[in-house]
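1. give me a model of this one.
(2 chains)
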Amino acid sequence: MAVMAMAAALRGPGGRFRWRTQATAGGVRGSARGAAAGRQDYNLLVIGGGSGGLACAKEAAQLGMKVAVVDYVEPSPRGTRWGLGGTCVNVGCIPKKLIHQAALLGGMIRDAPHYGWDVAQPVLHDWRKMAEAVQNYVKSLNWGHRVQLQDRKVKYFNIKASFVNEHTICGVTKGGKEIEGALEYGITSDDIFWLKESPGKTLVVGASYVALECAGFLTGLGLDTTVMMRSIPLRGFDQQMSSLVTAYMASQGTRFLKHCTPSRVQKLPDGQLQVTWEDLTSGKENMGTFSTVLWAIGRIPETRSLNLENAGINTNPNSQKILVDAQEATSVPHIYAIGDVAEGRPELTPTAIMAGKLLARRLYGQSLDVMDYSNVPTTVFTPLEYGCVGLSEEEAMARHGEEHVEVYHAYYKPLEFTVAERDASQCYIKMVCLRKPPQLVLGLHFLGPNAGEVTQGFALGIKCGASYEQVMRTVGIHPTCAEEVAKLRISKRSGLDPTVTGC
Amino acid sequence: MVLDFVVPSPQGTSWGLGGTCVNVGCVPKKLMHQAALLGQALNDSRKFGWEYGQQVKHNWETMTEAIQNHISSLNWGHRLSLREKSVDYVNSYGEFVEHHRIKATNRKGQETSYTAAKFVIATGERPRYLGIQGDKEYCITSDDLFSLPYCPGKTLVVGASYVALECAGVLTGLGLDVTVMVRSVLLRGFDQEMAERVGSYMEQHGVKFLRKFIPVMVQQLEKGSPGKLKVVAKSTEGPETIEGVYNTVLLAIGRDSCTRKMGLDKIGVKINKKTGKIPVNDVEQTNVPYVYAVGDILEGKLELTPVAIQAGKLLARRLFGGCLEKCDYVNVPTTVFTPLEYGCCGLSEEKAIEMYKKENLEVYHTFFWPLEWTVAGRDNNTCYAKIICNKFDNYRVIGFHVLGPNAGEVTQGFAAAMKCGLTKQLLDDTIGIHPTCGEVFTTLEITKSSGLDITQKGC
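-> Below you'll find the model as predicted:
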């Protein structure tokens, strides 16, 4: 199970902060700036060089502050490590989307003959070539970040902050049960993007977007992939949309083991992994053999290793996340927390970046702007992508009551799917609105190609307080998938067939 | 009743029910554009680890057959849908003979007469010809391209409209040798900075441009499918003439309204003598109260399918459904599906400056590098985003422009936001979806007025 870097800004009384660094044995990466001992004067110390931390540091430096960033990557149990930039750059958004693109390109290669391209099928994929290209790009970003910090005179230390302990990673389920072999033989998202060799036949354990995205691209690259889920997919997301996401994946060849939990992982003499699991529905035990087991059952913040109790910083005992207020302040004055490590925040790069920038501006730029965490759009980059903003149908019903909510929906077919003879059964759009005119849009859910691109602009619309009527007055761009959002006419309540017909 | 009749093109091309969009416009255009994009994807895919033989060839006939099959299904779908709603469909050419009466002539020349209380003219347009020697005999247009039974080969595209650029882009993407002959500017009426960037990308990707020339003669050198044509062209700036030999000459110099031969003069419907377009009021009514018009033939309105659809639906609801809603023609988004797509909504920079004056505007802009282009090795300072804000109306976004992949998908939502009064502050307050191209609009910082450099570095 992976852990995350946190970003914590520490500001000492009187506007300056002093800290002493100690080189820790067995953990320090070589760096000319790294093993600096002695006292330093900084206005701002940022622990964690990821999306939030770097944004905050750069913004503060731009406002004239003396800033230091301390970033350290504890190697994964498999020994994977990476450079400056945090999860997004190294083991998240960036490599994920690039490998997703590789998988999508596989689909395009299959479409090409329908459009007249003479490509002999099937076409094989070379993991190593892709991995090298992706890893090279990520490394260029690491370098880019270092240069940017240098340009802004932000000091970068590639060492652990002084109060870090050794931390353990274990394959712990929600119940706190340890799984034999999970740590030794499994990998996580920390490792998958850095594998030099193809993972082969893979079992992905988990139902998070990380699990589904990884399973999705592995299938798309031609690998035999199985997803093992304890209960529902994409917890927290709209459940109708989530089931369409997994239905599409199943139609593309991903196997699903639903209501199952793993109990044991053993290594066989030939190097393959034997996984034993319990089927919660039947109570029976089953076994399967895989080349790789990928754990994607959730992420915990790297707060234990920071010994926050020593500083008096309060955390949520369940999630271990740091409790913050609307100003991103912790229970200790002058100590702030942003990004995935903060309790109750969306775990997204762009929110961390914006929170970091706004924090710096409030601390040093006389700004009063606080982050607005409502209506944050996001996209799950599964084989058929799912973009959403605002409330799920369930949340809308719970908040406003079924009688006060109107849901407009449509099954549509992307034009490009026609000639390619692709199945569009799960291409679906849903707009959740208040029933009362002008029918304020509460949430939009889009399942289809380029979901991120489609959703972004509509998120702006929702930010502007868009009503259903306003969206319907918007003329569509033809031919696109996005125009179908502006053409949603059938409500769930009417019971009419929501399939879009004709041009 | 719907009267639809397609007069065959000079090359003899005809098609079924559905109009330009379905048969010789949006639909086949986008499918061919997709074929061309797939060619590019095939190239990119090698960098992402996919392995296959070096030279991948394209078969024109396979593509057009597949596209025509899809179009046939749409023709059929429309006929079914009319039948289901008990609308009579008559495949005849309609002309007014007197008030409230038309004569309909079918393909065999048989005439029938029909009367009605109200009429809607939605006859659309057809490609214009140059009026030079050899144009109708030897040249093709977009009416012919999408069902051409043979690969067009080395092609000269005459024109600088979006039709010209989209077709040229497609043909180049499929591996053909393409030249575009342009009289003056590209994409007249569109933002000219964006138009030049569109053209520049096409040039970098193999499309040849002959600027400031017009053809004066087309001569057949060889018959065939395709044959060989000689084109003589004259410079618009001097006495220079040039010659070229092509397999195909595709004219895309504009479209003319089909309003001149339908007896509108007999019932006194006013049309613009020069353009053939019909002026209407804000409820799509002509100067003759029982005659309405929708679509490309309207004077002063946008020539887009969704606009026509919206106008048509609302017209019907107003006439027969007691509805009062009028078609909203403000901030209609559109996308040019050139090799690098250009999506826009609202005003061009020139129009904005004309309406509001430069000092009252703030233009934010940036290059951006789609993540998928990184590993593919494509340029990082090509895709471009620009918004034009009105300083005196809360920095309201009055123009939105994006040059990049999936421009249509990106632009659509922003068009809805502009309908809701999008401002720069709201853009800044909105979180981007990462990693996408669209998110670039939520982090725009550099203004044109600052003169700062917008070239890109990292994530």
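2. going forward, measure contacts and count neighbours with C-alpha atoms only.
-> OK.
3. what's the burial count for B:R101?
-> Neighbours of B:R101 under the rule other CA atoms under 10 Å in any protein chain shown: 17.
4. which residues does the residue lying closest to it once chain neighbours are set aside contact?
-> Spatially, and ignoring its direct neighbours in sequence, B:R101 is nearest to B:T115 (4.5 Å; CA to CA, 6 or more residues apart in numbering or on different chains). The contact partners of B:T115, taken as CA atoms under 8 Å, 6 or more residues apart in numbering or on different chains, are B:100-102.
5. restricted to strands, list these.
-> Among the contacts of B:T115, the members falling in strands are B:101-102 (criterion: DSSP state E).
6. turn the contacts of B:T115 into a markdown table, columns for pLDDT.
-> Output for the contacts of B:T115, formatted as a markdown table (pLDDT from 0 to 100):
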| residue | pLDDT |
| --- | --- |
| B:H100 | 96 |
| B:R101 | 97 |
| B:I102 | 96 |
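7. which element, helix or strand, includes residue 107?
-> Let's take chain A. Using DSSP states H and E, the element containing A:G107 is helix A:93-111.
8. is chain B within reach of whichever helix or strand comes after that helix?
-> The element immediately downstream of helix A:93-111 (helix or strand, assigned by DSSP H and E) is strand A:124-125. Yes: Strand A:124-125 is in contact with chain B by CA under 8 Å from any CA of the partner chain, via A:124-125.
9. now for the next helix-or-strand element following strand A:124-125, which elements pack on it?
-> Next helix or strand after strand A:124-125 toward the C-terminus (DSSP H and E): helix A:127-151. Packing contacts for helix A:127-151, counted by 3 or more CA pairs under 8 Å, 6 or more residues apart in numbering or on different chains; DSSP states H and E, involve helix A:86-91, helix A:93-111, strand A:155-157, helix B:26-47, helix B:371-376.
10. shaky segments in chain A?
-> A:1-41, A:161-178, A:502-503 (pLDDT under 70).
11. again, only this time at 80
-> A:1-41, A:159-183, A:302-312, A:334, A:501-503 (pLDDT under 80).
12. what segments of the stretch 201-350 of chain B are helices?
-> B:264-267, B:305-320, B:349-356 (DSSP state H, counting those that start in this stretch).
13. of those helices, which is nearest chain A?
-> helix B:305-320 (5.7 Å; CA to the nearest CA).
14. quick one, domains of chain A?
-> A:2-20+A:41-175+A:300-365, A:182-297, A:384-493 (the TED database).
15. in a markdown table: those, plus mean neighbour count.
-> As requested, the domains of chain A are exported to a markdown table (neighbours: other CA atoms under 10 Å in any protein chain shown):
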| stretch | mean neighbour count |
| --- | --- |
| domain A:2-20+A:41-175+A:300-365 | 20 |
| domain A:182-297 | 19 |
| domain A:384-493 | 22 |
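16. for B:L361, grab phi and psi.
-> Main-chain torsions, B:L361, degrees, to the nearest 10: phi -120, psi 150.
17. need the longest helix for chain B.
-> helix B:60-84 (DSSP state H).
18. packing partners for the helix or strand following that one?
-> Later in the chain than helix B:60-84, the nearest helix or strand by DSSP H and E is strand B:89-90. Secondary-structure packing of strand B:89-90 (3+ CA pairs under 8 Å, 6+ apart): strand B:2-3.
19. before we move on, the earlier item: tell me what the longest helix of chain B is packed against?
-> Using 3+ CA pairs under 8 Å, 6+ apart: helix B:60-84 touches helix A:415-420, helix B:19-24, helix B:26-47.
20. does any part of the longest one sit near chain A?
-> By that I understand helix B:26-47. Yes: using CA under 8 Å from any CA, helix B:26-47 reaches chain A at B:26-27, B:30-32, B:34-35, B:38-39, B:41-42, B:45, B:47.
21. tell me the angle that helix makes with helix B:305-320.
-> Between helix B:26-47 and helix B:305-320, the angle comes out at 150 degrees (axes from the mean of the first three to the mean of the last three CA atoms, to 10 degrees).
22. just the CA trace of helix B:26-47, in PDB.
-> Output of helix B:26-47 as PDB, limited to C-alpha atoms (Å, rounded to 0.1, in the frame of the first residue of the first chain):
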ATOM      1  CA  CYS B  26     -20.400  17.500 -40.900                       C
ATOM      2  CA  VAL B  27     -20.800  13.800 -40.800                       C
ATOM      3  CA  PRO B  28     -18.600  12.500 -43.600                       C
ATOM      4  CA  LYS B  29     -16.200  15.400 -42.900                       C
ATOM      5  CA  LYS B  30     -15.700  14.400 -39.300                       C
ATOM      6  CA  LEU B  31     -15.300  10.700 -40.200                       C
ATOM      7  CA  MET B  32     -12.700  11.500 -42.800                       C
ATOM      8  CA  HIS B  33     -11.000  13.800 -40.300                       C
ATOM      9  CA  GLN B  34     -11.000  10.900 -37.900                       C
ATOM     10  CA  ALA B  35      -9.400   8.700 -40.500                       C
ATOM     11  CA  ALA B  36      -6.700  11.200 -40.900                       C
ATOM     12  CA  LEU B  37      -6.200  11.600 -37.100                       C
ATOM     13  CA  LEU B  38      -5.900   7.800 -36.900                       C
ATOM     14  CA  GLY B  39      -3.100   8.000 -39.300                       C
ATOM     15  CA  GLN B  40      -1.400  10.400 -36.900                       C
ATOM     16  CA  ALA B  41      -2.200   8.100 -34.000                       C
ATOM     17  CA  LEU B  42      -0.600   5.200 -35.800                       C
ATOM     18  CA  ASN B  43       2.500   7.200 -36.000                       C
ATOM     19  CA  ASP B  44       2.400   8.300 -32.300                       C
ATOM     20  CA  SER B  45       1.600   4.800 -31.200                       C
ATOM     21  CA  ARG B  46       5.100   3.500 -32.000                       C
ATOM     22  CA  LYS B  47       6.600   5.900 -29.400                       C
END
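23. what does the helix or strand that that helix is followed by rub up against?
-> Downstream of helix B:26-47, the first helix or strand assigned by DSSP H and E is strand B:50-51. Defining contact as CA under 8 Å, 6+ apart, one finds that strand B:50-51 is touched by A:106, A:123-126.
24. tell me how far strand B:50-51 lies from the chain's centre.
-> Relative to its chain's centre, strand B:50-51 lies at 35 Å (CA atoms, centre = their mean, to the nearest Å).
25. partners of it, with directions?
-> Strand B:50-51 pairs in its sheet with strand A:124-125 (antiparallel), by DSSP bridges.
26. show me what contacts the residue nearest to A:L434 when sequence neighbours are not counted?
-> In this structure, A:L434 finds its nearest non-sequential neighbour in A:V405, 4.6 Å apart by CA to CA, 6+ apart. By CA under 8 Å, 6+ apart, A:V405 lies in contact with A:396-397, A:432-435.
27. those in strands, which ones?
-> A:432-434.
28. and the stretch 51-200 of chain B, which residues reach chain A?
-> B:51-52, B:56-63, B:66-67, B:70, B:74, B:77-78.
29. what's the ChimeraX line that selects buried ones from these?
-> Selection of buried members from these for ChimeraX, criterion 16 or more other CA atoms under 10 Å in any protein chain shown:
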select /B:51,52,58,59,60,61,62,63,66,67,70,74,77,78
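30. of the residues of the stretch 51-200 of chain B next to chain A, the lowest pLDDT goes to which?
-> Minimum pLDDT across those is recorded for B:Y52, with 84.
31. got the contact list for A:A420?
-> Counting by CA under 8 Å, 6+ apart, the residues that A:A420 touches are A:111-112, A:114-115.
32. could these go into TSV alongside distance to chain B?
-> Shown next, in TSV, are these (distance: CA to the nearest CA, whole Å):
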residue	distance to chain B
A:D111	8
A:A112	6
A:H114	7
A:Y115	5
